[in-house]
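>>> generate coordinates for the sequence data below:
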Amino acid sequence: MSIGKYLVRLGGECANMLEFEKVVRFFCKESVYCFTSDIDWAPEWAIQQTLNIFNELEVPLTPFITHNSDAIKQQYEKTGKSQYVALHPNFLPDSSHGNNYIEQIDFVTRLWPDAQCFRGHTFFDNYLISQEFYNRGFKYDSNLCLFLHPYCTPLQHESLIRFPVFWEDDVHWKKYPFKLEAIKRYIEIPGLKIFNFHPLSTALNIPSPDYYQKHKFIYRSTEEPEDFNKYTFKGNGTLTFLEELISYLQKKNARFYYLHDLFQEICERFSREDYI
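Model (predicted):
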């Protein structure tokens with residue numbers, strides 16, 4: 001059975017792990033870039049501003065949604081890109097998505113029926129959750145953070161293929177300043193590189209945990225969107241890091257993927273029997 005058939009789990013069959021070795025070998029010698037955003041109940045103006053930023057940078061963005069967003073519907077559903085949107089269920093106590101994992105999965109799948117991928121809020125995970133998504137037709141997830149891990153590759157996880165996150169803004173700000181030089185040596189190492197930027201962190205250029213804690217009130221603020229510019233951090237932060245990172249990668253002629261397109265390309269590439 002080809003690796004492509006393995007990835008989409010046709011008939012629920014298991015592939016020989018030697019076939020999956022082709023995937024591992026590829027990501028150990030090349031870098032592949034994908035940008036995602038956990039929406040995390042962000043206000044609509046922050047979601048729209050984040051979409052605008054990625055559009056201006058000409059970088060595809062895979063959103064992981066927690067709630068309905070007109071901005072996301074306008075950019076993805078109404079433009080024929082519905083399959084590029086993923087789900088971000090909250091499995092923690094007192095979740096607004098439901099009282100148990102079945103209710104919570106029901107809630108997010110109703111939000112976006114075309115979704116094929118998920119990432120739990122705080123990367124919450126267990127076997128029952130993965131199996132339930134698989135039973136509902138999901139093919140892959142991104143529900144693991146391997147911060148700056150060298151030679152990241154897709155993983156076999158339960159009945160799904162897992163695409164680990166390589167970098168996340170709210171992990172970075174606990175460890176490093178928002179300058180590319182701080183982690184550039186890790187970016188130079190080959191591997192799967194999924195970056196995750198949150199809308200509020202990006203829109204406000206948040207530089208640190210303290211700054212974030214002082215501005216969390218914005219999630220429930222009744223101020224008009226244009227009033228939020230006064231809260232934007234003026235120094236090095238999440239947004240300036242994103243712009244510096246994209247500029248650096250574009251100069252290297254890096255190729256950027258929607259996560260769905262990356263999954264599809266892996267299926268196609270490794271289904272060729274002559275691939276080495």
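>>> need the contact partners of the host helix or strand of residue 55.
According to DSSP states H and E, residue 55 maps onto helix 44-57. Under the contact criterion Cβ atoms under 8 Å, 6 or more residues apart in numbering, helix 44-57 has outside partners 35, 37, 39, 42, 60-61, 63, 69-72, 75, 197, 199-200, 202-204, 218, 225, 228, 239, 242-243, 246. For the C-beta atoms, the positions are set from N, CA and C on the backbone; glycine is no exception.
>>> output the following helix or strand past it as PDB - backbone C-alpha positions only.
Proceeding N to C from helix 44-57, the next assigned helix or strand is strand 61-65, under DSSP H and E. Taking Å, rounded to 0.1, in the frame of the first residue of the first chain, the C-alpha atoms of strand 61-65 are listed here in PDB:
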ATOM      1  CA  LEU A  61      -2.800  31.200   6.700                       C
ATOM      2  CA  THR A  62      -4.600  28.200   8.200                       C
ATOM      3  CA  PRO A  63      -7.000  29.400  10.900                       C
ATOM      4  CA  PHE A  64      -8.100  27.100  13.700                       C
ATOM      5  CA  ILE A  65     -11.500  28.400  14.800                       C
END
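>>> now strand 61-65 and helix 44-57, what's the angle there?
160 degrees (axes from the mean of the first three to the mean of the last three Cα atoms, to 10 degrees).
>>> ok, strand 61-65: who's next to it in the sheet?
In the sheet, strand 61-65 lines up against strand 31-38 (parallel), strand 86-87 (parallel) (DSSP bridges).
>>> before we move on, back to that, what about the contacts of helix 44-57, which are in helices?
Judged by DSSP state H, helices contain the following of the contacts of helix 44-57: 70-72, 199-200, 202-203, 239, 242-243, 246.
>>> filter those down to the buried ones, PyMOL style.
Buried residues among the ones in helices among the contacts of helix 44-57 (16 or more other Cβ atoms under 10 Å), as a PyMOL selection:
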select buried, resi 71+72+199+200+202+203+239+242+246
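>>> which one of the ones in helices among the contacts of helix 44-57 is nearest to residue 164?
Sorting the ones in helices among the contacts of helix 44-57 by distance to residue 164 puts residue 242 at the head of the list, at 19.8 Å, by Cβ to Cβ.
>>> the closest one contacts residue 202, doesn't it?
Yes - in this structure residue 242 lies within contact range of residue 202 using Cβ atoms under 8 Å: 6.5 Å.
>>> middle-most residue in the chain, spatially?
residue 36 (3.3 Å; Cα atoms, centre = their mean).
>>> picking up where we left off before, pick the most deeply packed of the strands paired with strand 61-65.
strand 86-87 (a mean of 26; mean count of other Cβ atoms under 10 Å).
>>> next helix or strand past it?
Assigned by DSSP H and E, the successor of strand 86-87 is helix 101-111.
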